[in-house]
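Enquirer: okay, predicted coordinates and the sequence, questions at the end:
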Amino acid sequence: MNAVQFKKLKGTKKIMMLTCYDYSFANALEETGMIDALLVGDSLGNVVQGRDTTLPVTLDQMIYHAEMVKRGAPNTFVVADMTFMSYQVSLEEALRNCGAVMKKTNCDAIKLEGGEEIAYLVRKLTEIGIPVMAHIGVTPQSGKLLGYSKRGREVSDAEYLRRSAKALSDSGAFSIVLENISAPLAQTITQSIDIPTIGIGSGPYCDGQVLVLYDFIGLTKNRPPFAKAYVNLRDELKAAAEAYRKDAEENVK
Ligand code: KIV
């Protein structure tokens, strides 16, 4: 699948997306046949590196993880996140860094956090053939400025998000992540643009949903309230470790 085909999924099915950070999970997730796209999110800073924010994740680390994920899931649409300060300094630097991610990882698209103020960059990337997934609402790379609370409850913020979704879509983004925005606003945005919206904590009426893999499998200790764990791997691991110890102590082969 390419980005144009991904865009055409709007209205045909719920688009299922999970984050992923390594070869083995990517391979197993591809084998489920249930997941339309994998996102190598800079949330790897939180769930893989154990940091408080995504800010320290480097471009080289993203390239390292994204290349492994695409190798594990060669037939799945894989999106790589652009890391903090890899696209904010200048247009030239942004193009060089986005290009490096596409060249070195074999991923299918990149994702950028930001609203109407980065529409010019989305347009330029799209013109040179780099597919862009946009990301508005709670944008963790600006968490120190804007916080992490639900967005779009105030009229001016809701207007900004609506304008941003339109500007990013008009500039060529093939899809847009809506993170933690009010559900009615997510529904309005979904109905008002012709690219698929992928929601996280933004209610059920988006075109698709994305979850952080380690929340989805119940590995993270503190999940956000909207993130449902579909298996509790922390409990399963404890039970497995107990069984392993018991077998060893009883000399079971
Ligand atoms: O980094 C990430 O995992 C993300 C998703 C939460 C959308 O951006």
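Expert: Cool, got the structure.
Enquirer: isn't there a helix covering residue 126?
Expert: Yes: checked against DSSP: H, G, I helix; E, B strand; the rest coil, residue 126 lies within a helix.
Enquirer: count the residues that sit near it.
Expert: A total of 16 residues lie near residue 126 under the criterion other CB atoms under 10 Å. In this view, the C-beta of every residue, glycine as well, is placed from N, C-alpha and C.
Enquirer: double-check it against residue 134; I have them as touching.
Expert: No: with contact defined as CB atoms under 8 Å, residue 126 does not count as touching residue 134 (10.8 Å).
Enquirer: and for the two, which residues touch both?
Expert: Residues touching both residue 126 and residue 134 (CB atoms under 8 Å, 6 or more residues apart in numbering): residue 173.
Enquirer: which residues of the stretch 151-253 of the chain lie near the ligand?
Expert: By CB under 6 Å from any ligand atom, the residues of the stretch 151-253 of the chain that approach the ligand are 177, 179, 200, 210, 212.
Enquirer: ok, now how distant is residue 113 from residue 139?
Expert: Remark: distance between residue 113 and residue 139 (CB to CB, to the nearest Å) = 4 Å.
Enquirer: about what we covered before: tell me the one of the residues of the stretch 151-253 of the chain next to the ligand nearest residue 154?
Expert: If you rank these by distance to residue 154 using CB to CB, residue 179 comes first, at 16.9 Å.
Enquirer: any idea how far that closest one lies from residue 133?
Expert: 12 Å.
Enquirer: neighbour count for the two, which is higher?
Expert: A count of neighbours by other CB under 10 Å puts residue 133 above the other of residue 179 and residue 133, at 29 against 22.
Enquirer: so what's the more buried one closest to, chain neighbours aside?
Expert: Distances taken as CB to CB, 6 or more residues apart in numbering place residue 111 nearest to residue 133, at 4.2 Å, with adjacent residues excluded.
Enquirer: which SS class is that neighbour?
Expert: Secondary structure for residue 111, judged by three-state DSSP, is strand.
Enquirer: what's it in contact with, if anything?
Expert: 39, 41, 79-82, 132-135, 177.
Enquirer: any idea how far it is from the ligand?
Expert: 7 Å (CB to the nearest ligand atom, to the nearest Å).
Enquirer: just the pLDDT for that residue.
Expert: Looking at residue 111, its pLDDT reads 98.
Enquirer: per-residue pLDDT, residue 252?
Expert: Here, the pLDDT recorded for residue 252 equals 79.
Enquirer: so it sits in a helix?
Expert: No: counting by three-state DSSP, one finds residue 252 to be coil, located in no helix.
Enquirer: can you report phi and psi for residue 106?
Expert: When quoted as degrees, to the nearest 10, the phi and psi of residue 106 stand at phi 70, psi 10.
Enquirer: show me the strands in this structure, by range?
Expert: Counting by DSSP state E, one finds strands in the chain at the ranges 15-19, 37-40, 77-81, 109-113, 132-137, 175-179, 197-200, 208-211.
Enquirer: quick one: closest of those strands to residue 90.
Expert: Residue 90 lies closest to strand 109-113 among the strands of the chain, at 14.5 Å (CB to CB).
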